[in-house]
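Peer 1: Below are the sequence and a predicted model; questions follow.
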Amino acid sequence: MSKIKKSELLDIVREQGSAIINLLQRVTLLEKPQLKQLDQSVFNGLDEKWRFAAVDKCGEVWYSTHKTQPSVSGTHLSPEPNANSMQAEGYYDTSNWQNSLIERSTAKELTGSDYFYSNTTSALLESGSKLVVCFVSNLSESDALDEKHIEVITSVDTEFNDSDGYGWQYAVPINNQGEPLTAAEAGL
């Protein structure tokens, strides 16, 4: 077995490393997940004290009782003094995170009604959809989101009717990743 010079070994490692990096970049480009956009749906089911939401540099969403501003470190948005904050689940688009702050809408359907998502299910069925995959519950939309019991909703009258003919009070439409679908995301 002949000895390999250090320079030859480095060349081999560089070539193999470069090939691996190119492969990883191609795979990453093909499998890049579509990140969610921050919208009013992040407030659904939350106590009304959470008035603001913003994305940080890492894509995490933070709720706040007061407005936020860029932090000194420049990695996140900091709430005003004496504000409460809480982290949300999931990751969101960071392309414009410094300007991501949104204020909760005071529209009745977001704060006073438990049918925010269910209204989207009704609208989808009324617009011609033959079936809508939903999380369902007879307690609340929050319960439907927590329990994640999935049914195919085929019609709505006084209740949301599933494919087996069973009626549900709440039906939260979901996308193919199993996340709640808002009216805007559904194109309504």
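Peer 2: That came through, no problem. Numbers count the residues shown, from 1 in each chain.

Peer 1: Lowest mean pLDDT among the helices and strands, pick that one out for the protein.
Peer 2: helix 108-111 (a mean of 34; mean pLDDT, DSSP states H and E).

Peer 1: The following helix or strand past that one - what's its average pLDDT?
Peer 2: As assigned by DSSP states H and E, the chain's next helix or strand after helix 108-111 is helix 116-126. Across helix 116-126, pLDDT averages out at 87.

Peer 1: Which strands or helices does helix 116-126 pack on?
Peer 2: In terms of contacts (3 or more C-beta pairs under 8 Å, 6 or more residues apart in numbering; DSSP states H and E), helix 116-126 is packed against helix 108-111, strand 132-137, helix 141-147, strand 150-156, strand 170-173. Where you see a C-beta, it was placed from the backbone N, CA and C, and this is true even at glycine.

Peer 1: what do you get if the cut-off is 10 Å, keeping everything else the same?
Peer 2: Contact here means 3 or more C-beta pairs under 10 Å, 6 or more residues apart in numbering; DSSP states H and E; on that basis helix 116-126 packs against helix 108-111, strand 132-137, helix 141-147, strand 150-156, strand 160-162, strand 170-173.

Peer 1: tell me, what residue is most central in the protein?
Peer 2: Closest residue to the average C-alpha location of the chain: residue 36 at 4.7 Å, with C-alpha atoms, centre = their mean.

Peer 1: is that residue in a bridge, and if so with what?
Peer 2: Using DSSP bridges, the bridge partners assigned to residue 36 are residue 92.

Peer 1: any weak-confidence spans in the protein?
Peer 2: Across the chain, the ranges flagged by pLDDT under 70 are 1-2, 6, 9-14, 17-19, 21-34, 70-77, 79-82, 106-115.

Peer 1: run the last query once more with 50
Peer 2: Residue ranges of the chain with pLDDT under 50: 107-113.

Peer 1: So for residue 186, which of the helices and strands packed on helix 116-126 sits nearest?
Peer 2: Closest approach to residue 186 among these (C-beta to C-beta): strand 170-173, 6.9 Å.

Peer 1: Which elements pack onto that closest one?
Peer 2: On a contact count with 3+ C-beta pairs under 10 Å, 6+ apart, strand 170-173 meets helix 116-126, strand 132-137, helix 141-147, strand 150-156, strand 160-162.
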